[in-house]
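Undergrad: The following comprises the amino acid sequence and a computationally predicted model.
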Amino acid sequence: MIDLCLNIFQLSDAEKDDVPDDVKKAAREMGRRAFQQRLREIQMSEYDHAVYMQYSEGVSRQVSALRVILDSVQAKAKERAWTRHQTTGDLDDLKLIEGRYEDFKLKYLLFIIFLFGG
């Protein structure tokens, strides 16, 4: 993804054909040197790169699908973040559950006292 706020111009095939061969050769050589430099930086040989590309091409569709899934999970997690001990806004689910449980315990205790105390 290139997003450097640069003006990018695409040449037509006719314009590309008009580029002199020595310029094309120099551009290819610059690209090859940059590629070799990057391989050295990540400590990868050309053979390792070829093997990596072979495996990468085989699973690229699945990787893309997995990225979409993970992005949606992250977006969903950020969509609703519960904050604890809040009195306004989104209610705290844990407090609702604790309240129902405390209510149940109190009723159960009163029932036991009523059974054995009465």
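TA: Received the coordinates, thanks.
Undergrad: Now do the helices in the chain.
TA: According to DSSP state H, the chain carries its helices in the segments 13-17, 21-41, 46-79, 93-117.
Undergrad: Lowest average pLDDT across the ones you listed?
TA: Note on the helices of the chain: helix 93-117 shows the lowest mean pLDDT, a mean of 64.
Undergrad: how close does residue 23 sit to residue 60?
TA: According to C-beta to C-beta, to the nearest Å, residue 23 stands 33 Å off from residue 60. No exception for glycine: its C-beta is placed from N, CA and C like everyone else's.
Undergrad: now do residue 15
TA: Computed as C-beta to C-beta, the residue 15 to residue 60 distance reads 31 Å.
Undergrad: same check, this time on residue 72
TA: Relative to residue 60, residue 72 is positioned 19 Å away (C-beta to C-beta).
Undergrad: Likewise for residue 26?
TA: 32 Å.
Undergrad: just residue 29 next, same as before
TA: Distance, residue 29 to residue 60, by C-beta to C-beta: 29 Å.
Undergrad: again, but for residue 24
TA: As judged by C-beta to C-beta, residue 24 and residue 60 stand 29 Å apart.
Undergrad: Next: residue 66.
TA: According to C-beta to C-beta, residue 66 and residue 60 sit 11 Å apart.
Undergrad: With residue 45 instead?
TA: Remark: distance between residue 45 and residue 60 (C-beta to C-beta) = 22 Å.
Undergrad: Then residue 22?
TA: Residue 22 is 36 Å from residue 60, where distance means C-beta to C-beta.
Undergrad: ok, the nearest residue to residue 45 once chain neighbours are set aside - contacts?
TA: Closest residue in space to residue 45, ignoring its immediate chain neighbours: residue 39 at 7.0 Å, by C-beta to C-beta, 6 or more residues apart in numbering. By C-beta atoms under 8 Å, 6 or more residues apart in numbering, the contact set of residue 39 is 45, 46, 49.
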